[in-house]
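A.B. asks: predicted model and sequence below, questions to follow.
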Amino acid sequence: MEDVVFMSATRQAELIRAGKISPIELTTAYLQRIEALDPRLNSFVTVTPEVALAAAAAAEARIGSDDAPPFNGVPITIKDLNETQGVRTTFSCKAFADYVPAGDDNVVRRIKEAGFVILGKTNTPELGTVPVTESQLNGVCRNPWDTSVTPGGSSGGAAAALAAGLSPIAQGSDGGGSIRIPASCCGLFGIKPSRGRVSVGPRVGEAMHGLASAGPLARTVKDAAALLDVLAGYETGDPYWAPPPERPFVAEAGADPGRLRIALTTASPLGGPVDAAVDGAAKDAAALLESLGHHVDEADPPWQDPAVMPLFMVLWQTLAAPFPIEDYSVLEPLNQSLAEAATQTSSTEYVRAVTALHAFCRRLVAFWDDYDLVLTPTLAMTPVPVGWIFEEDDPGRQLARAGMFTPFTPAVNLSGQPAVSVPLAWSDNGVPLGSQLIGKPADEVTLIRVSAQLEEARPLANKRPQAG
């Protein structure tokens, strides 16, 4: 069954439709792997075997039916920042250790409607604040390629489980890089969708002021595009919505992207150092793109603005505000510090920060008038050791370390542009290194097309980690 559990989700769906794979047997195989391997990784917060097997039995009964959904019987994981009806959702926060939602987030409902079998909820840092997956409530999640280093965050549990073969595909979310960061650390393909592409309702209206979106983590570009088709679409009352694609995103995996004009930059937007290994990985990706017929220039977007990070923090510090937490002392020190700073920020200061950030984004997005894509390292460092951020006791220095690690990802959360992390390289010690591609507003199509082209030129899906 090992070859089947590492099979792509779209291929599993095909074999289930053909009656060649049993959803019950497939789900059982993943549950057995989770039981055997996850104690070492801690990628799951909650495993739901009874719910999963009941859903698998229902999927098995639908095989051959004309109305069977597209992913009938294919297992998936849900990030523990997304509410799941009747299944504990902790947000990795002690205030919600026993919280069981009465309803599903829209993305969870769509996943269920597509026929997926939910295996459980995956680990995340408290409230998704930092780019590693470590919390006081749910503990440390480890990278299956090297358990001494982080799988990234905040969708680290989703990525670790997927890379280790504990699920065939995963739902994540990205408010400052939280899909792209773990995709890079774990050798996966991840899409941060355009603002408004995926609903964040019904509980949340703007999801961190429009910064955040749910999205796919996958082993193949086709799988990610197919899951994006499931997640995408306007829901009644959404404050933002992106124009729908002309055809399903999955149809773009394999389509000719044409000859693209691409800007390469390896200079940190925050002005800090960039590790030679990730710098080299991005430049190698640029050479591969040129060999595929694309034009690559070295050019820096106008994002090295020292005023931006303090303005960004005015938004980021309100992360706890939508949660019904009456006493912030229950939070971990970093989030407590952010929440307290938010309560001391006036509405005037907040509106001025948002207005200034909108002006910055207008200048930034204009750079794509001359380029189809921008290529960067996904991260400025190779995956950091477990505990590295929290070696610092001071919350401000913890945030500074987070920024050193992930300077390339947050800007497009501000601008709302789509971006991907593509697994094309490996460090000397065998840990994956991703490269980021940033598209024009609402242009996931070009990202999917060129990512599939890169995947065909340099296939990595057959690599498996030690913990898998």
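C.D. replies: Looks like it came in fine.
A.B. asks: just for this protein, where's the confidence low?
C.D. replies: Within the chain, the set of residues satisfying pLDDT under 70 comprises 1-2, 207, 460-462, 468.
A.B. asks: ok, 90 please
C.D. replies: When residues are selected by pLDDT under 90, those of the chain lie in 1-3, 203-210, 322-324, 326, 459-464, 466-468.
A.B. asks: report the central residue of it.
C.D. replies: In the chain, the C-alpha nearest the mean C-alpha coordinate belongs to residue 179, at 1.6 Å (C-alpha atoms, centre = their mean).
A.B. asks: next secondary structure after the one helix or strand residue 25 maps to?
C.D. replies: Counting by DSSP states H and E, the element that carries residue 25 is helix 23-41. Once the chain leaves helix 23-41, the next helix or strand it forms, by DSSP H and E, is strand 44-47.
A.B. asks: what comes into contact with that following strand?
C.D. replies: Under the contact criterion C-beta atoms under 8 Å, 6 or more residues apart in numbering, strand 44-47 has outside partners 31, 34, 38, 77, 80, 87-88, 90, 92, 119-124, 138, 157, 161, 166. Placement of C-beta: from N, CA and C, glycine included.
A.B. asks: whichever of these end up buried, select them in PyMOL.
C.D. replies: To isolate in PyMOL the members of those that are buried, counting by 16 or more other C-beta atoms under 10 Å, one can use:
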select buried, resi 31+34+38+77+80+87+88+90+92+119+120+121+122+123+124+138+157+161+166
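A.B. asks: so which of the contacts of strand 44-47 belong to strands?
C.D. replies: Mapping the contacts of strand 44-47 onto strands (DSSP state E) picks out 77, 119, 120, 121, 122.
A.B. asks: export the residues you listed to a markdown table and append columns for distance to residue 13.
C.D. replies: Putting the ones in strands among the contacts of strand 44-47 into a markdown table (distance: C-beta to C-beta, whole Å) gives the following:
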| residue | distance to residue 13 |
| --- | --- |
| 77 | 16 |
| 119 | 16 |
| 120 | 20 |
| 121 | 22 |
| 122 | 21 |
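A.B. asks: with respect to residue 221, which of the residues you listed is nearest?
C.D. replies: Nearest to residue 221 among these is residue 77, at 19.2 Å by C-beta to C-beta.
A.B. asks: so what's that closest one up against?
C.D. replies: Contact partners of residue 77, counting by C-beta under 8 Å, 6+ apart, are 44, 118-122, 157-158, 161-162, 166-167, 170-171.
A.B. asks: columns distance to residue 195 on top of those residues, output as TSV?
C.D. replies: Converted to TSV, the contacts of residue 77 look like this (distance: C-beta to C-beta, whole Å):
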residue	distance to residue 195
44	29
118	26
119	29
120	29
121	25
122	24
157	25
158	21
161	27
162	25
166	31
167	27
170	21
171	18
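A.B. asks: number of residues surrounding residue 385?
C.D. replies: Applying the criterion other C-beta atoms under 10 Å, we find 12 residues in the vicinity of residue 385.
A.B. asks: my guess is residue 70 meets residue 13, correct?
C.D. replies: Yes: applying C-beta atoms under 8 Å as the test, residue 70 and residue 13 come out as touching, 6.4 Å apart.
A.B. asks: out of these two, which sits in the busier spot?
C.D. replies: Between residue 70 and residue 13, counted using other C-beta under 10 Å, the more crowded position is residue 13 (24 against 17).
A.B. asks: next, the buried residues of the helix or strand hosting residue 108.
C.D. replies: For residue 108, the enclosing helix or strand under DSSP H and E is helix 106-113. Going by neighbour count (16+ other C-beta under 10 Å), the buried part of helix 106-113 is 106, 107, 108, 109, 110, 111, 112.
A.B. asks: secondary structure class for the nearest residue to the second one once chain neighbours are set aside?
C.D. replies: Ranked by C-beta to C-beta, 6 or more residues apart in numbering and with sequence neighbours excluded, the top spatial neighbour of residue 107 is residue 214, at 4.4 Å. Reducing the assignment to helix, strand or coil with DSSP: H, G, I helix; E, B strand; the rest coil, the entry for residue 214 is strand.
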